[in-house]
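[1] I'd like to go over a predicted model; first the sequence, then the structure.
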Amino acid sequence: MPADSKDTVKPLEPGFRRNMLLVTTLFISVMAAIDMTIVTVALPYMSGNLGTTPDEITWVVTMFAVGQALTIAITGHLSRLFGRKNLCIYTVTGFVAMSMACGLSQSLHEIVVFRVLQGACCGPLIPLSMSMLIDAYRPEERNKVLSFWAMGVMGGPAIGPALGGFLAQHLDWRWNFFVNLPVGIIALFLTLRFVRSIKPLPVRTDWAGLLLLAFFLISLQVLLDQGNRLDWFSSLEIVLLGVAAVSLFMAFVARGLLLGEGNIINLRLFADANF
């Protein structure tokens, strides 16, 4: 069945096309969810192979979370800017490419850079898959299908450590990243075949708001991930990160409330109880 040339954002009729869209969204979201935790158990193997300390190798997890947090927050803007299907294609392709780059990395610096980019590509996948399902099903059907979808998303992080440990122990830690290649190719094929197209919109990017959001998320994520290692607020580094995070957050919120829809994230949406 050919993909629609234009998405009218109307619910799909029950049948093969809608069922395959559900399979596609589950495939994309579970792939992204598994990658949140698959690397954690392989860190000791990575540390030994790359010649780093146990503290240094944790940046592989931290920087993935930084990239992911940033793009999750602006997925709505990116979806309007590029179009939902195009964004899904870009992020799945980027996720697979960065996974391969991580697996081929020969130093800590290389893998940290690629993990930031991998996280940035991973971030939009779960929000995108959820929005696709909401559009494809009628309001009275959404609770059921979203419950089914959520089971897959929540099961992914539980599967990740077991799969990652098996691959690291019986093959090599690099297979924690290489495993994304066949999965990503299937996800890309399903996206091209069954995801409906929505035309990009001529939206303006709020670069100042994006920078404030990025630096806030980086400060907060590094604080949370490194706080335990540095003994929290007994460390000057953690104190400075905390001050930076609070200051940047307040500036972002104040600016966002003044600009409304002009901000990179429309904070006035939070006035809607349903949202």
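    That came in fine, so what should we check first? Residues are numbered from 1 along each chain as shown.
[2] got the contact list for the closest residue to residue 33 other than its chain neighbours?
    Excluding the flanking residues, the one nearest residue 33 by Cβ to Cβ, 6 or more residues apart in numbering is residue 156, at 2.6 Å. Bear in mind the C-beta positions are built from the backbone N, C-alpha and C, glycine included. By Cβ atoms under 8 Å, 6 or more residues apart in numbering, the contact set of residue 156 is 29, 30, 31, 32, 33, 34, 36, 37.
[3] 10 Å instead?
    Contacts for residue 156 were tallied using Cβ atoms under 10 Å, 6 or more residues apart in numbering; they are 26, 29-38, 126, 163.
[4] same check, this time on residue 70
    Applying Cβ under 10 Å, 6+ apart, we find residue 70 in contact with 116, 119, 120, 123, 210, 213, 214, 215, 216, 217, 218, 221.
[5] How about residue 130?
    Contacts of residue 130 by Cβ under 10 Å, 6+ apart are 25, 29, 75, 146, 149, 150, 153.
[6] and if you look at residue 57?
    Applying Cβ under 10 Å, 6+ apart, we find residue 57 in contact with 39, 42-50, 108, 111-112.
[7] Now do the helix or strand where residue 242 lies, average pLDDT.
    Assigning secondary structure by DSSP states H and E places residue 242 in helix 236-259. On average, the pLDDT along helix 236-259 is 91.
[8] Check the gap between the spatially closest residue to residue 26 that is not a sequence neighbour and residue 15 for me.
    Distances taken as Cβ to Cβ, 6+ apart place residue 152 nearest to residue 26, at 4.8 Å, with adjacent residues excluded. From residue 152 across to residue 15, the span is 21 Å (Cβ to Cβ, to the nearest Å).
[9] what about stretch 34-54, start to end distance?
    End-to-end distance of stretch 34-54 (Cα to Cα, to the nearest Å): 22 Å.
[10] and it, which residues are buried?
    Using 16 or more other Cβ atoms under 10 Å as the burial criterion, the residues of stretch 34-54 that qualify are 34-43, 45-47, 50, 52.
[11] Now, the residues you listed that are in helices?
    Using DSSP state H, the subset of these located in helices is 34, 43, 45, 46, 47, 50.
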